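Peer 1: Below are the sequence and a predicted model; questions follow.
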2 protein chains.
Amino acid sequence: MQQLSKTGERAWIALLRVAPHLMETVEAALKAEGFPPLAWYDVLWELERAGAPLRQRDLGERLLVARYNLSRLLDRLETDRLIERQPCVDDARGFMLSITRAGKALRQKMWPVYAEAIAAALDRKLTTAEADTLAKLLDKLR
Amino acid sequence: MQQLSKTGERAWIALLRVAPHLMETVEAALKAEGFPPLAWYDVLWELERAGAPLRQRDLGERLLVARYNLSRLLDRLETDRLIERQPCVDDARGFMLSITRAGKALRQKMWPVYAEAIAAALDRKLTTAEADTLAKLLDKLR
DNA sequence: TCCGGTTTGTTGCACATGCAACATAATGCG
DNA sequence: CGCATTATGTTGCATGTGCAACAAACCGGA
């Protein structure tokens, strides 16, 4: 009684090998330019495009990051004054997160390097149609 | 002059979110049954299907794992007597790696749990054609 | 043959992560 | 209301990972 198809297995292995490898490559590109890790960019970008302050819980949900991980990641960003934590009015447990001016500036400086790394690692290796298909397939796995 | 397409960016973000999440899910399934991490299975399986002893270098290449990471991963597997390191005849620096009987037994016991986790996280969410496409697209990114 | 450069593998150290336990606040049910 | 349950966020501890430096062996050209 095998409940796993051979094709599914191949897709899994490809994912297992390729995804971490790509992430390391992009991470290395950022580090090579003296920038902080990918995760920092992610937080900054999500906060910036949210427009309004976000609950820590909601940010974690969007980034698919565990609470205890996010908690300490945000500590580091806050220490560098890239984000701010304000007490939450509705819920005394939570915090409202917002990106600072310095945070926006850093994100903007990082973007060209990040974009070039993504282009090299992914974009230039796929046609537009292929990239679109890939995105759609991955989204089905959420 | 943006060298990164919008579609490529979407694919990247999907990969960044989905892949780690899937890995954590599968990892959790193994842990829940008292089994060692995914990486252990990977090593055991690669050694078993290789049929013959493998150089550490070659294993690292197939698994896309960094040398210093692999080195310590293998230490742990060796401590548990799941693999063996034999001095390499051709090259006094290297080792030949082989899976032990206990290693094969463990891998076999892990497989049903692993397969079920992959089926739940990936296989059942895609048609066969989709899984095939996904595997092919990811392979293009190596 | 000799010697510089490369390849292979390991390790000390700092840092990041997972887990379990915790503190505090909100929620909901009797 | 009162109290158990759930939700949110933090932290101590053990473990895993990245980096840089290292040791040892191999390779190849002069």
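Peer 2: Thanks, I have it. Numbering: from 1, shown residues only, chains lettered A, B, ... in the order given.
Peer 1: Do the helix or strand where A:T133 lies and chain B come into contact?
Peer 2: Here A:T133 sits within helix A:128-139, counting by DSSP states H and E. Yes - counting by Cβ under 8 Å from any Cβ of the partner chain, contacts between helix A:128-139 and chain B involve A:T128, A:E130, A:A131, A:D132, A:T133, A:L134, A:A135, A:L137, A:L138, A:D139. For glycine as for every other residue, the C-beta is placed from the backbone atoms N, C-alpha and C.
Peer 1: burial count for the residue of chain A found nearest DNA strand C?
Peer 2: Residue nearest to DNA strand C within chain A: A:A92 (3.5 Å; Cβ to the nearest atom of the strand). Counted with other Cβ atoms under 10 Å in any protein chain shown, residues neighbouring A:A92 total 7.
Peer 1: Adding neighbour count, distance to B:P53 and pLDDT, write the residues of helix A:128-139 next to chain B out as TSV.
Peer 2: Listed next are the residues of helix A:128-139 next to chain B as TSV, based on neighbours: other Cβ atoms under 10 Å in any protein chain shown; distance: Cβ to Cβ, whole Å; pLDDT from 0 to 100:
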residue	neighbour count	distance to B:P53	pLDDT
A:T128	13	45	96
A:E130	17	38	97
A:A131	23	40	97
A:D132	17	44	97
A:T133	19	40	98
A:L134	26	37	98
A:A135	20	41	97
A:L137	22	37	97
A:L138	25	37	96
A:D139	14	42	95
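Peer 1: nearest to A:P112, of those residues?
Peer 2: Checking the residues of helix A:128-139 next to chain B against A:P112 by Cβ to Cβ gives A:A131 as the nearest, at 19.8 Å.
Peer 1: My guess is that closest one contacts B:L4. True?
Peer 2: No - the pair A:A131 and B:L4 does not pass the contact test of Cβ atoms under 8 Å, sitting 10.4 Å apart.
Peer 1: picking that back up, which element, helix or strand, includes the residue of chain A closest to DNA strand C?
Peer 2: Per DSSP H and E, there is no helix or strand for A:A92.
Peer 1: Distance of A:L16 relative to B:E46?
Peer 2: 12 Å (Cβ to Cβ, to the nearest Å).
Peer 1: Sounds good, over and out.
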